[in-house]
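Asks: Sequence and predicted structure are below.
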Amino acid sequence: MSLLIISFSLAISIMASVWIVKKKKSKLLGTVSALILNTLILASAFSVFYSKDEEARVFGVGQTYYYVLIFAIPITTWINFVLLKFVKRKKEEV
């Protein structure tokens, strides 16, 4: 389930950051937006899973592997950063 959520977060952040790079012509803004989107999606999924799971409340997060969602934030952002290097920006028309 965690892998599905991480893949969903990566896909959404790639689409949004590519759209921002093509629209605003700023790769830094695209990378920051990917970081924010990844953080929002993965942290909210972590908090929802943690609040619904009684085992996580009793024994802690380390027993449930939900911490993988939090550790995936910098990894997905780095993948996004690498993929943005291949995006061609739209040339300004004069």
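Replies: Great, that's in hand. Numbering: from 1, shown residues only.
Asks: burial measure for residue 34, as a count.
Replies: Residue 34 sits with 29 neighbouring residues when counted by other C-beta atoms under 10 Å. Bear in mind the C-beta positions are built from the backbone N, C-alpha and C, glycine included.
Asks: who touches it in this structure?
Replies: Contacts for residue 34 (C-beta atoms under 8 Å, 6 or more residues apart in numbering) come out as 13, 14, 16, 17, 76, 77, 80, 81, 84.
Asks: Please tell me how far it sits from residue 8.
Replies: Plainly put, residue 34 is 14 Å away from residue 8 if you go by C-beta to C-beta, to the nearest Å.
Asks: Likewise for residue 27?
Replies: As judged by C-beta to C-beta, residue 27 and residue 8 stand 23 Å apart.
Asks: How about residue 79?
Replies: Distance, residue 79 to residue 8, by C-beta to C-beta: 14 Å.
Asks: what do you get for residue 75?
Replies: In this view, residue 75 and residue 8 are 14 Å apart by C-beta to C-beta.
Asks: Residue 70 touches residue 45, doesn't it?
Replies: No: the criterion here is C-beta atoms under 8 Å, and residue 70 misses it with residue 45 at 9.8 Å.
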